[in-house]
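# below are the sequence and a predicted model; questions follow.
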Amino acid sequence: ATVSIIVVVIVSVVSLTWLYFFLLFFFFFKQKTAYEIYQCDWSSDVCSSDLGFYPLYAVWNNGLPITAVGGEDSISDLHRSKLVGSIRTYVCIDGTFTTDRWFQRLEEGHAFVSSGPLLDLRVNGRGPGETIKLRSGEDVTVTARIKSIVPLDRASLIFNGEFVADIPLDTDRLGANVQTIFRVEDSGWFHLRAEGKPTKRFPLDVPYVQGFTNPVWVSVDDRPVRNRVAAEYGVRWIDRLEEMALADPGWRSQSEIDHVMTQFGEARGMYEELANQAGTRDPIVAQQIGTMRSIGSTWDACWSDGPD
């Protein structure tokens, strides 16, 4: 009931895209859970390929192993609504398929989100949801594979929220199969993104095609992933949500207010502690030291978009 009231409060102020992130971000931070990602603000014509990544990167930049999942927010009684299943979540089963196994692997982060293109990212052979242990200054081999039925505009490799490499697309722009080497000095994560233009989306029922993987984690000298700027970003959003919640006239009792404010306080304390752990040192971005070379197009067959 408490969360339902907060939903009512915030939905009049921010889009559902941000609502999905921040309610999950602050109320369920103690669990491994999932973020639902939608490409546009359903109440307007605002679409941005970067819209939902800022809070997601802030979560990952503090080592919180939250799985990103797709969500088209399809509501059939609205005048404009996406086709159900137009934004999918693919999970690497790595074994016999069962419904329980699919959800387990999803929770562990072995997944990518897509409204069209298929993606596969490997770092030293490890995929999304897995962790590689290194010593500072060691090199990793990054392999990126992409397939699409519509032409793509760009593909990028991200490390700790920073663009570290453009992934060269095939001549027909329907995919990529490349490999390169990065030197890693600090703990963090890699993930792969690919997207197309709104004019190149047919026959897909989406504003534009986009796909991205969950992170492949890199642990350097057993240091945790921490980023002071990302943690302070979380604190600021808690403060903003608390103000909006307190301004709402729909509270039913003081005990209900106290309960929700306690949750805000717990979340704020967690992010303040993460900021303290990060200290004042600047994050170190992985450096590409090898050329981007083409490789074979063998596709990992472990991906599934879920139980029928």
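Cool, the structure landed. This is a predicted model, so every value here is computed, not measured.

# Asn62 contacts Gly234, correct?
Yes. Using Cβ atoms under 8 Å, Asn62 makes contact with Gly234 at a distance of 7.5 Å. In short, each C-beta sits where N, CA and C put it, glycine included.

# okay, the two: which has more neighbours?
Counted by other Cβ atoms under 10 Å, Asn62 and Gly234 do not tie: Gly234 has more neighbours, with 26 against 23.

# nearest spatial neighbour of that one, chain-adjacent residues omitted?
Spatial nearest neighbour of Gly234, chain neighbours left out: Tyr271 (4.1 Å); criterion: Cβ to Cβ, 6 or more residues apart in numbering.

# can you give me the helices in the chain?
Secondary structure of the chain by DSSP state H: the helices cover 2-11, 16-27, 53-60, 99-107, 228-247, 254-278.

# returning to what we had before: quick one: common contacting residues for Asn62 and Gly234?
Here Asn62 and Gly234 share the contacting residues Tyr271, Leu274, scored by Cβ atoms under 8 Å, 6 or more residues apart in numbering.

# can you list the weak-confidence ranges in the stretch 1-150 of the chain?
1-49, 51, 72-82 (pLDDT under 70).

# strands along that one, start to end?
34-37, 67-70, 88-92, 111-114, 118-123, 131-134, 138-147 (DSSP state E, counting those that start in this stretch).

# OK, contacts around the residue lying closest to Phe202 once chain neighbours are set aside?
Nearest residue to Phe202, sequence neighbours excluded (Cβ to Cβ, 6+ apart): Val150, at 7.2 Å. Contacts for Val150 (Cβ under 8 Å, 6+ apart) come out as Gly116, Leu174, Gly196, Lys200, Arg201, Phe202, Leu204, Val209.

# same check on Glu272?
Ala231, Val235.

# residue contacts, the closest residue to Tyr54 other than its chain neighbours?
Leaving aside its sequence neighbours, Tyr54 sits nearest to Tyr233 (Cβ to Cβ, 6+ apart; 7.9 Å). If you count contacts by Cβ under 8 Å, 6+ apart, Tyr233 has them with Tyr54, Pro55, Ala58.

# which residues does Glu162 bridge with?
Phe159 (DSSP bridges).

# so it sits right up against Val285, yeah?
Yes. Applying Cβ under 8 Å as the test, Glu162 and Val285 come out as touching, 5.1 Å apart.

# circling back: need the winner for burial among the strands of the stretch 1-150 of the chain.
strand 111-114 (a mean of 26; mean count of other Cβ atoms under 10 Å).

# hmm, back to that, now do the residue nearest to Tyr54 against Asp239, distance only.
According to Cβ to Cβ, to the nearest Å, Tyr233 stands 11 Å off from Asp239.

# out of the contacts of Tyr233, which one sits closest to Pro249?
Pro55 (27.3 Å; Cβ to Cβ).

# distance check, that closest one against Leu64.
From Pro55 over to Leu64 the distance is 11 Å, taken as Cβ to Cβ.
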